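Chemist: What follows is a predicted protein model with its sequence.
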Amino acid sequence: MRPSILRCFVILLGVLALAPLSHAQWGSDPATNSALADGASDQTQSKLQPTADGGMYLSWFDGIGTGFDVRLQRVDADGNEVFAHNGVLVEDRSFSSTQDYGLGISANGNALLAYRADSPLNGATVVAEAVHPDGTLGQMGGGSITLADTSDFVAAPKIAGTSDGGAVVAWIQNSSVRLQKLDAQGVKQWVPDVVLTPAVGSYAVADLHAAGNDVILSFVHQTGGFGSPRQLRTQKFDAAGAALWGANHVDVFDSGSLQFGNFPSFVPDGSGGAVFSWYDTGSLALQCYVQRIDRTGAELFAHNGVAVSTNAARIRVSPHAAIDALSGNTIVSWVELSANQAQTGVFTQKFDSAGNRLWGDAGVELVPVSATQVGNVRTLTSADTSMTFWIEQQAFGNDRVHGVRVFADGQTTVGPFSVATTASGKSRLAAASSAHGQSILSWNDTRADAGDIYAQNVNCDGTLGPPSLSAAWTDLGNALAGFSGDPALVGSGALCPGAPFSISLSNARPSSPLAIVLGLNLLAAPLKGGVLVPTPDKIFFNLSSDVGGGVALASHWPASLPAGFELYVQVWVTDAAAVLGFAASNGLRASVP
């Protein structure tokens with residue numbers, strides 16, 4: 001592991017130009033948070049889509065007009081609204097109620113939306129729309145794309161951007177699920193639509209994600225009439241619309257039944273497969289399960305999934321899963337209930353790639369089971385640690401959002417901490433990981449009126465607002481003076497996975513050769529009249545200070561460096577004015593929180 005870690009850092013230091021670290025506009029007070037959608041009437045059903053620059057797209061339904069319109073905001077990595085406050089109007093609609101809809105991102109960074117729109121002929125239609133990063137609409141073929149304008153019942157569309165620049169949309173149409181691929185210009189590629197229809201019962205879209213040029217669809221099969229069991233299926237489609245996981249699809253869960261109205265989400269595993277989680281209501285002994293399907297459609301865990309806990313004294317619902325790219329492990333968190341469902345808590349569990357429970361048969365307790373009600377559990381992972389968030393209801397209309405960070409061995413490292421503490425109703429919690437290693441949350445909030453959309457960032461160390469740029473760096477001293485005195489080495493950045501960081505040298509001899517020494521351990525050995533601070537695991541030669549006697553390095557911290565990892569850095573400069581011809585900076589220790 002040590003050589004691979006060093007290789008990661010070697011790649012980072014290939015960027016030899018200073019990129020100033022920006023200061024975020026996210027607030028650090030959990031009593032305030034950011035009101036991103038607070039117009040008159042109510043706003044609801046926010047969704048988050050990370051962008052490559054560390055920011056987010058945020059979409060929601062807005063009841064400010066004659067119906068629930070579709071609106072979109074872009075938030076940059078610093079928490080600033082890029083579009084005008086309350087976002088851009090994507091679709092003016094007359095619907096007095098809401099259904100699910102889809103938010104995704106295209107290969108070139110456009111927001112992709114799929115939703116029901118008004119139809120003058122049939123009442124409702126399914127459309128797709130793209131929004132450019134500057135807020136202009138119609139980047140897909142010059143306008144929204146109509147996918148289903150029919151007298152049939154249509155509902156709950158989802159959209160996923162594929163790596164070829166196109167997108168796939170899936171939706172419910174009567175008792176079937178339909179899919180259509182659009183190219184980068186919005187031209188339909190699958191003529192006719194791909195249609196999935198069961199021999200008995202009905203299908204309904206649950207979730208949709210891209211896997212390169214392919215897409216993975218999950219859907220619920222109601223196996224008969226209204227009260228019949230509801231089971232979970234999945235299928236993968238290639239760019240031509242061909243089903244890759246068999247003509248009969250993959251049965252993720254075909255024993256028992258899903259909760260009525262529950263359409264479980266899933267997460268791609270980054271290798272062409274996916275991780276699914278759900279809870280079974282087929283008996284009074286409610287239980288959560290997890291399953292991983294590989295790129296070929298094969299089940300990696302036992303058929304019908306592995307239970308998150310074997311504790312028969314309690315029951316459990318509402319799981320939310322994430323997969324860690326570093327370890328390949330799956331983390332699932334859920335609501336744990338007493339047998340009579342009067343008390344609730346939050347638990348979490350880790351599974352390896354074979355489906356073995358790694359945190360004991362009962363999982364890890366994050367919130368004790370008590371009379372305080374909790375729900376809306378969400379889990380994110382990075383570098384083999386996890387962040388779990390939930391809404392706590394202290395009394396009716398007096399809710400809080402909390403979180404906790406869990407280390408790789410299942411021990412809590414940070415928290416529980418508060419994310420939102422204003423006494424108000426809160427619901428529909430959404431969570432996503434930014435490209436800069438932050439967790440971004442959004443939710444419905446009644447602190448000002450019937451419902452607004454609020455959001456908050458959480459740094460990898462559990463703090464809110466601007467991350468500390470210095471806490472992860474320790475000055476170890478041991479500089480050796482030269483022409484200009486002691487060369488000074490300073491590190492800046494939170495060292496969260498994907499977060500920007502920089503190392504800058506000042507006060508060195510101008511325009512002089514230098515070497516950067518990296519080590520995984522502290523050495524503190526005598527050298528050339530000074531002290532070599534790091535073990536010399538990697539040395540960068542053929543570098544030089546600038547005319548001001550400085551060097552600046554900047555990049556983004558890799559996700560492959562786990563929590564607790566330490567790196568030691570020192571710079572040595574050729575300097576005839578120094579004791580033995582070399583000056584040295586102070587040593588630095590960088591510690592991943």
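Modeler: Cool, got the structure.
Chemist: burial count for D449?
Modeler: Residues lying near D449 (other C-beta atoms under 10 Å) number 13. Any C-beta I mention is one placed from the backbone N, CA and C, and that applies to glycine too.
Chemist: Pretty sure it sits in a strand.
Modeler: No - assigned with DSSP: H, G, I helix; E, B strand; the rest coil, D449 falls outside any strand and is coil.
Chemist: wait, it sits on D42?
Modeler: Yes - using C-beta atoms under 8 Å, D449 makes contact with D42 at a distance of 7.0 Å.
Chemist: which residues of the chain score low on pLDDT?
Modeler: Applying pLDDT under 70 to the chain flags residues 1-24, 139-143.
Chemist: which residues in it form helices?
Modeler: 2-12 (DSSP state H).
Chemist: From A362, how far out is S338?
Modeler: Distance, S338 to A362, using C-beta to C-beta, to the nearest Å: 14 Å.
Chemist: got a list of what Y289 touches?
Modeler: The contact partners of Y289, by C-beta atoms under 8 Å, 6 or more residues apart in numbering, come to 253, 277-280, 304-308, 319.
Chemist: got any residues that touch both of D449 and D42?
Modeler: With C-beta under 8 Å, 6+ apart as the test, D449 and D42 reach no residue in common.
Chemist: so where's the longest strand in the chain?
Modeler: strand 412-424 (DSSP state E).
Chemist: Pull out the buried residues from that one.
Modeler: Neighbour-count burial for strand 412-424 flags 413-420, 422, 424 (criterion: 16 or more other C-beta atoms under 10 Å).
Chemist: swap in stretch 564-574?
Modeler: 565, 567-574.
Chemist: Tell me the one among those residues nearest to D546.
Modeler: Nearest to D546 out of the buried residues of stretch 564-574 is V573 (C-beta to C-beta; 12.0 Å).
Chemist: My guess is that closest one contacts G485. True?
Modeler: No - between V573 and G485 there is no contact under C-beta under 8 Å: 11.9 Å.
Chemist: separation between A240 and V126?
Modeler: In terms of C-beta to C-beta, A240 sits 22 Å off from V126.
Chemist: and what of S96?
Modeler: Distance from S96 to V126, by C-beta to C-beta: 18 Å.
Chemist: again with A584
Modeler: 65 Å.
Chemist: With R71 instead?
Modeler: 18 Å.
Chemist: Over to V335?
Modeler: According to C-beta to C-beta, V335 stands 33 Å off from V126.
Chemist: Who has more neighbours out of the two?
Modeler: V126 (28 against 25).
Chemist: from the chain's centre, how far out does stretch 211-218 sit?
Modeler: 18 Å (C-alpha atoms, centre = their mean, to the nearest Å).
Chemist: and that stretch, which residues are buried?
Modeler: 211, 213-218.
Chemist: Please apply the same query to stretch 351-361.
Modeler: Under 16+ other C-beta under 10 Å, the buried positions of stretch 351-361 are 351, 355, 357-359.
Chemist: Now the two most distant members of those.
Modeler: G355 and W359 (13.5 Å).
Chemist: Name the residues contacting each of these two.
Modeler: By C-beta under 8 Å, 6+ apart, no residue touches both G355 and W359.
Chemist: Let me know how buried S271 is, in neighbour terms.
Modeler: 12.
Chemist: before we move on, what about S96?
Modeler: Neighbours of S96 (other C-beta under 10 Å): 9.
Chemist: Now do it against R74, distance only.
Modeler: S96 is 28 Å from R74, by C-beta to C-beta.
Chemist: swap in G360?
Modeler: 42 Å.
Chemist: ok, now V127?
Modeler: 20 Å.
Chemist: Repeat that for S468.
Modeler: 26 Å.
Chemist: try A472
Modeler: In terms of C-beta to C-beta, A472 sits 29 Å off from R74.
Chemist: likewise W60?
Modeler: When distance is defined by C-beta to C-beta, W60 is 13 Å away from R74.
Chemist: Looking at the two, which has the bigger crowd around it?
Modeler: W60 (29 against 23).
Chemist: which ones are touching that one?
Modeler: 37, 43-47, 71, 87, 453.
Chemist: hmm, try it at 7 Å
Modeler: 37, 43-46, 71, 453 (C-beta atoms under 7 Å, 6 or more residues apart in numbering).
Chemist: Apart from its chain neighbours, what residue comes closest to it?
Modeler: Nearest non-adjacent residue to W60, counting by C-beta to C-beta, 6 or more residues apart in numbering: S46, 4.4 Å away.
Chemist: How about S484?
Modeler: N507 is the one closest to S484 (C-beta to C-beta, 6+ apart), at 4.9 Å.
Chemist: The one you found and V551 touch, don't they?
Modeler: No - assessed by C-beta atoms under 7 Å, N507 is found out of contact with V551, at 11.1 Å.
Chemist: what residues are shared contacts of the two?
Modeler: Contacts common to N507 and V551, judged by C-beta under 7 Å, 6+ apart, are absent.
Chemist: Could I get the contacting residues of N311?
Modeler: A362.
Chemist: Distance check, it against G67.
Modeler: For N311 relative to G67 (C-beta to C-beta), the value is 46 Å.
Chemist: next one: W334
Modeler: 35 Å.
Chemist: Thanks a lot, catch you later.
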